[in-house]
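Q: just need the structure, nothing else, for what follows:
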Amino acid sequence: MTTAAIPPGAKVRVVGDVHGDAAAFAYAVATERFIVQLGDLVDHGPDSARAMRMMFDLVESGRGLFILGNHDLKLARVLAGEHVRSEPMVQATIAQMDDRLKERATRLIAAAPAWVLYKSALFVHGGFHTLMLEQQPPEHGLQRPHGAVARALYGEPTGRMQHDGYPERSLRWVDRIPAGLTVYCGHDRRSADGRPYVRHGALGGKAVFLDTGAGKGGHLSWIDLP
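A: Numbers count the residues shown, from 1 in each chain. Got it, this is the predicted structure:
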């Protein structure tokens, strides 16, 4: 299964979580390659507005797509007036936005795919579910995520809470990735050395985690696919 969102035969650059690090993102998108950004464009870093404008220009010109991230969805839900806990970093992002950008963000985030399966790669923000191999992502709009979409945005919870009040997340899903498939994801900063973290699963598949801390004291990572 492939998706028409990525042109056939395209040379792809996969970019990790940007989190408002627009200066680094400008370097990442300075390429003729088709950009696949793994979500969480916004929050934390200094210029979420510019990061969104760059990504939205790529989407609207057919030169890239971004995967739905949990920070992106929260932003769009707040902009749409949904009853969502609006944290200070979300309000800081909104303060950077003019009315035109707010309209683009609401519209394009609502249309962003929760995952994309392309050849031997699956692009997703938070975590893999086997249903992603069997079906296209549903049209989520700005609904509260559930099922495979919730897995796509947040990964797989263990059922325990961490000291920071957020759910603890497991990497058990990596063992369900079939042989020959690589899952490119972000969401969790798993790297211990500043490079994308690669984890191999029991079935022969693997996951590549590209969140290396952009906008949060680290840097932005990207990978050019063969």
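Q: any idea which residue sits dead centre in the chain?
A: The centroid of the chain falls nearest to Gly39 when counting by CA atoms, centre = their mean (2.1 Å).
Q: element containing that residue, please.
A: Following DSSP states H and E, one finds Gly39 outside all helices and strands.
Q: distance check, Ser120 against Ile109.
A: Applying CB to CB, to the nearest Å, the value for Ser120 to Ile109 is 28 Å. All C-beta atoms are positioned from the backbone trio N, CA, C, and that covers glycine.
Q: neighbour count winner among those two?
A: Neighbour count, other CB atoms under 10 Å: between Ser120 and Ile109, Ile109 has more, with 27 against 10.
Q: quick one, phi/psi of the closest residue in space to the more buried one that isn't next to it in sequence?
A: Leaving aside its sequence neighbours, Ile109 sits nearest to Ala76 (CB to CB, 6 or more residues apart in numbering; 3.9 Å). Torsion angles at Ala76 (phi, psi; degrees, to the nearest 10) stand at phi -60, psi -40.
Q: who are the contact partners of Ala76?
A: 105-106, 109-110, 142 (CB atoms under 8 Å, 6 or more residues apart in numbering).
Q: if you look at those residues, which of them are in helices?
A: Mapping the contacts of Ala76 onto helices (DSSP state H) picks out 105-106, 109-110.
Q: would you reformat those as TSV and include distance to Asp17 and pLDDT?
A: Output for the ones in helices among the contacts of Ala76, formatted as TSV (distance: CB to CB, whole Å; pLDDT from 0 to 100):
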residue	distance to Asp17	pLDDT
Ala105	17	97
Thr106	21	96
Ile109	15	97
Ala110	20	95
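Q: could I get the full set of strands for the chain?
A: Using DSSP state E, the strands of the chain run over 12-15, 34-37, 64-66, 115-118, 121-124, 156-161, 167-170, 182-185, 197-200, 206-209, 222-224.
Q: what is the fourth one packed up against?
A: Packing partners of strand 115-118 (3 or more CB pairs under 8 Å, 6 or more residues apart in numbering; DSSP states H and E): strand 121-124.
Q: mind checking how far the strand it packs on is from the chain centre?
A: In terms of CA atoms, centre = their mean, to the nearest Å, the centre of strand 121-124 is found 10 Å from the chain centre.
Q: now the end-to-end length of stretch 14-28.
A: Separation of the first and last residues of stretch 14-28 by CA to CA, to the nearest Å is 9 Å.
Q: run through this structure and note the low-pLDDT ranges.
A: The model of the chain has pLDDT under 70 over residues 1-4, 165.
Q: go again with 80.
A: 1-4, 85-86, 158-159, 162-168 (pLDDT under 80).
Q: now do the helices in it.
A: Using DSSP H, the helices of the chain run over residues 22-28, 48-60, 70-79, 88-95, 99-111, 147-154.
Q: right, and the ones you listed - which one's nearest Thr182?
A: Of all the helices of the chain, helix 147-154 sits nearest to Thr182, with 16.1 Å by CB to CB.
Q: in that closest one, which residues are buried?
A: Buried residues in helix 147-154, counting neighbours by 16 or more other CB atoms under 10 Å, are found at 148-154.
Q: return the closest of these with respect to Thr31.
A: Ala152 (25.7 Å).
Q: dump the residue contacts of the closest one.
A: 67-68, 114-115, 124-127, 129, 132, 137, 145.
Q: ok, Ile6 next?
A: By CB under 8 Å, 6+ apart, the neighbours of Ile6 are 12, 34, 36, 65, 116, 118.
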